[in-house]
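**Q** Quick one: sequence and predicted model below, then my questions.
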Amino acid sequence: MTDNYPTPKWLCRPLRKRQLVYTTLHLQCTVYNKKLTIDLTMKTQSTVATPSAPDIEELITQLHHIYPDAHCELAYETPLQLLVATILSAQCTDERVNRVTPPLFARFPTAVSFATADRSELEQLVHPAGFFRRKAKHIQEASQLIVHQYGGELPNTMDELLTLPGVARKTANVVLGEIFGIANGITVDTHVKRLANRLGLSHSDDPVKVEQDLMAVVPHNEWINISHLLIFHGRRVCHARKPNCPGCPLRHICPSATL
């Protein structure tokens, strides 16, 4: 049997967002001359609202003004080269990838040449990009599938791109947006994920969930641009370890700037 008590008034105050707080109370009582300690865990709502995300239209306008030339910084000349460069960019900076790809593309200029390459030679050329065995395997197997299943041409749909080894939604979104101008989703890399959380646009570490959160608030005509804009800002101002909040031109609308 439990007693029902009225809810305190402070819990009824309207807040934009409430956070759950678990509070443990330690109660002592004496029963038959024995001291007992009872732990009661109460789930309540905090009275402090979480910072709200900035107006998305204002955010995008500001980013376009700050970075009018925001673009994909991977160097490529053909659709296949962008696919390979994006596979190499996993856990590797674009700057390093751009140092690896010139000799790689000179040695293997087509999907057929990648598909028939000596694996050890391919591994040696991509070694500086890290995880060289896995990346060489994905590049070669993706090229073989492109040659044998897609007639040597890079497919232009999300479902088809996801059949290629080493290609997940991030890589597929890069290729679709850059090569075909198709906004099927939003590219989410480490910079986009970090800034989406700091700006309050998402509260997840899962790239797929972050993409869904962004797609829900970003206008469709900005789906391709928003990743370039956030990546530019992340590389230049909103660094992972030490963001330059005092020098950030978005500090007046960023909810994390005052934390």
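**A** Looks like it came in fine. Residues are numbered from 1 along each chain as shown.

**Q** what's the span of stretch 201-211, first residue to last?
**A** This stretch, stretch 201-211, spans 10 Å end to end (Cα to Cα, to the nearest Å).

**Q** List the contacts of it.
**A** Residues outside stretch 201-211 that contact it (Cβ atoms under 8 Å, 6 or more residues apart in numbering): 53, 56, 169-170, 173, 185-186, 188, 192-193, 196-197, 213-214, 217. Placement of C-beta: from N, CA and C, glycine included.

**Q** repeat that with 10 Å
**A** Residues outside stretch 201-211 that contact it (Cβ atoms under 10 Å, 6 or more residues apart in numbering) are 17, 50, 53-54, 56, 59, 168-170, 173, 185-190, 192-197, 212-214, 216-218, 223, 226-227, 230, 255.

**Q** pLDDT of it, averaged?
**A** Per-region confidence: stretch 201-211 scores 97 on mean pLDDT.

**Q** Over to stretch 142-160?
**A** 97.

**Q** Buried residues, that stretch. List them.
**A** Of the residues in stretch 142-160, 142, 143, 144, 145, 146, 147, 150, 154, 155, 156, 158, 160 count as buried by neighbour count, 16 or more other Cβ atoms under 10 Å.

**Q** Same question for stretch 233-251.
**A** 233, 234, 237, 238, 243, 245, 248, 250.

**Q** of all those, which two lie farthest apart?
**A** 234 and 245 (13.3 Å; Cβ to Cβ).

**Q** hey, what's in contact with both of these two?
**A** With Cβ under 10 Å, 6+ apart as the test, residue 234 and residue 245 both reach residue 198.

**Q** Residue 74 against residue 101, yeah?
**A** Yes. Here residue 74 reaches residue 101: they are 8.0 Å apart, a contact under Cβ atoms under 10 Å.

**Q** out of these two, which sits in the busier spot?
**A** Taking neighbours as other Cβ atoms under 10 Å, residue 74 and residue 101 compare with residue 101 leading, 22 against 19.

**Q** how close does the nearest residue to that one once chain neighbours are set aside sit to residue 178?
**A** Closest residue to residue 101 apart from its sequence neighbours, by Cβ to Cβ, 6 or more residues apart in numbering: residue 85 at 5.5 Å. Note on residue 85: its distance to residue 178, by Cβ to Cβ, to the nearest Å, is 10 Å.

**Q** quick one, helices of the stretch 51-200 of the chain?
**A** Counting by DSSP state H, counting those that start in this stretch, the stretch 51-200 of the chain has helices at residues 56-66, 79-88, 94-107, 111-115, 119-126, 132-149, 158-161, 169-179, 190-198.

**Q** Mean neighbour count, those: which tops it?
**A** helix 79-88 (a mean of 24; mean count of other Cβ atoms under 10 Å).

**Q** Okay, angle between that one and helix 169-179 too, please.
**A** 150 degrees (axes from the mean of the first three to the mean of the last three Cα atoms, to 10 degrees).

**Q** which helices and strands sit right next to helix 79-88?
**A** Judged by 3 or more Cβ pairs under 10 Å, 6 or more residues apart in numbering; DSSP states H and E, the packing partners of helix 79-88 are helix 94-107, helix 111-115, helix 119-126, helix 132-149, helix 169-179.

**Q** so which of the ones you listed gets nearest residue 79?
**A** Between the helices and strands packed on helix 79-88, helix 169-179 lies closest to residue 79; by Cβ to Cβ that is 4.6 Å.

**Q** what's the domain layout of this protein?
**A** 9-45, 56-236 (automatic domain parsing).

**Q** any idea how far the longest one is from the chain center?
**A** Relative to the mean C-alpha coordinate of its chain, domain 56-236 is positioned 12 Å out (Cα atoms, centre = their mean, to the nearest Å).

**Q** how long is it end to end?
**A** Note: domain 56-236 ends 21 Å apart using Cα to Cα.

**Q** re the thing from before, identify the contacts common to residue 85 and residue 178.
**A** 72, 74, 76.

**Q** ok, of these, which one's closest to residue 122?
**A** Using Cβ to Cβ, the shared contacts of residue 85 and residue 178 come closest to residue 122 at residue 76, 17.6 Å.
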